[in-house]
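>>> Generate a structure from the sequence data that follows.
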Amino acid sequence: MASGPKKPPQIRTRFAGRTDVGLLRDRNEDSFLVFPEYRFAAVADGMGGHLSGDIASSLAISTLQEFYKHTVGPDRTWPFPYDNDLTEEENCVVVGVRLANQHVFSRARRSQNETGMGTTIVAIMFSPDGKQVIVGHVGDSRCYRIRDNHITQLTSDHSLVSEVTEIAPWLSEDEVNQLPSNVITRALGMAPDVVVDLLTTETRDGDIYLLCSDGLNGMLTDDEILAIAGKRDALLEQICDDLIAKANAAGGNDNTTVVVVRVEDEKADDAVEDNGATRHIPEPQAGGAIELVDQAEGEVRDEPSER
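Residues are numbered from 1 along each chain as shown. Predicted coordinates for the structure are as follows:
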């Protein structure tokens, strides 16, 4: 009896995330969201001083969570016009980030104590078949891809250092080091609307996608990140823990947040299905304890900001 056509390999995505206050900061101004039900994750790094940084990042993350829970789907009502030149997933990422920007900007305008607050954001979403990944970002939080034991930075920092070196690549390392490293040229909350950098690319079985705040890449080189995150058989939660531990061992100068996503085919034996959302809203912290919070549900300022 002839067998039917072979079923094409199914690709799935597995997620894990961790955040840590670091060794020198009193508060954690980072937030993150892991939402497997929508094949989505995001990392936000707040700025603005006092309590404003953690308010901005947590507001951005909670806005994204509510957007995906209540807007993404067949009965959706988009808060911004739908761009027919983009795929549905690309629209989801762009619209979600623009909505988060709108909420952070509006909150900053209403409260004198929160004037000037903002946050970076990096978000990732996979197509339903897992064969494409969409990366959207504003600021200097990064997305890396690890493939075939090689690490590639998929995002370009919206920072003074990054943009000056792109415009003037002839500058020496000493000249670049004289530039202020904490000046962000684009962030959520700086203006009523924001341009979201968008990248769509094909995935491969075994790819690792890593989202992080600059507390990670500010402490570790790309090769050091690769040495930990590139371990094929490592548990994703352990990769997150090891990266944060390594950043703290290097000085822990900042809050560090890591989200790791592995793309794999359905034959993987250790895959864990999880349709809930993992969300971190920062609370006052001390020391270097890692905090992970689980939830079962799924005037215009256009000048550069300083952390």
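>>> going forward, measure contacts and count neighbours with C-alpha atoms only.
Will do.
>>> outside of the top helix by length along the chain, which residues touch it?
Criterion DSSP state H: the longest helix present in the chain is helix 88-110. Here helix 88-110 makes contact (C-alpha atoms under 8 Å, 6 or more residues apart in numbering) with 56, 59-61, 63-64, 67-68, 72, 78-80, 82-83, 114-118, 121, 123-127, 134-136, 188-196, 198, 200, 299.
>>> List the ones among the residues you listed that fall in helices.
Among these, the members found in helices (DSSP H) are 56, 59-61, 63-64, 67-68.
>>> Could I get the average pLDDT for stretch 217-234?
Averaged across stretch 217-234, pLDDT comes to 94.
>>> Okay, buried residues for it please.
Buried residues in stretch 217-234, counted by 16 or more other C-alpha atoms under 10 Å: 217, 219-220, 225-226, 228-230.
>>> just stretch 258-267 next, same as before
258-265.
>>> okay if I get the residues you listed as a markdown table plus distance to Q238, pLDDT and secondary structure?
Formatted as a markdown table, those follow (distance: C-alpha to C-alpha, whole Å; pLDDT from 0 to 100; DSSP: H, G, I helix; E, B strand; the rest coil):
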| residue | distance to Q238 | pLDDT | secondary structure |
| --- | --- | --- | --- |
| V258 | 11 | 98 | strand |
| V259 | 11 | 98 | strand |
| V260 | 10 | 98 | strand |
| V261 | 12 | 97 | strand |
| R262 | 13 | 96 | strand |
| V263 | 17 | 96 | strand |
| E264 | 17 | 92 | strand |
| D265 | 21 | 83 | strand |
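>>> Check the spacing between the closest residue to N149 other than its chain neighbours and G96 real quick.
Leaving aside its sequence neighbours, N149 sits nearest to G230 (C-alpha to C-alpha, 6 or more residues apart in numbering; 6.2 Å). Going from G230 to G96 by C-alpha to C-alpha, to the nearest Å gives 30 Å.
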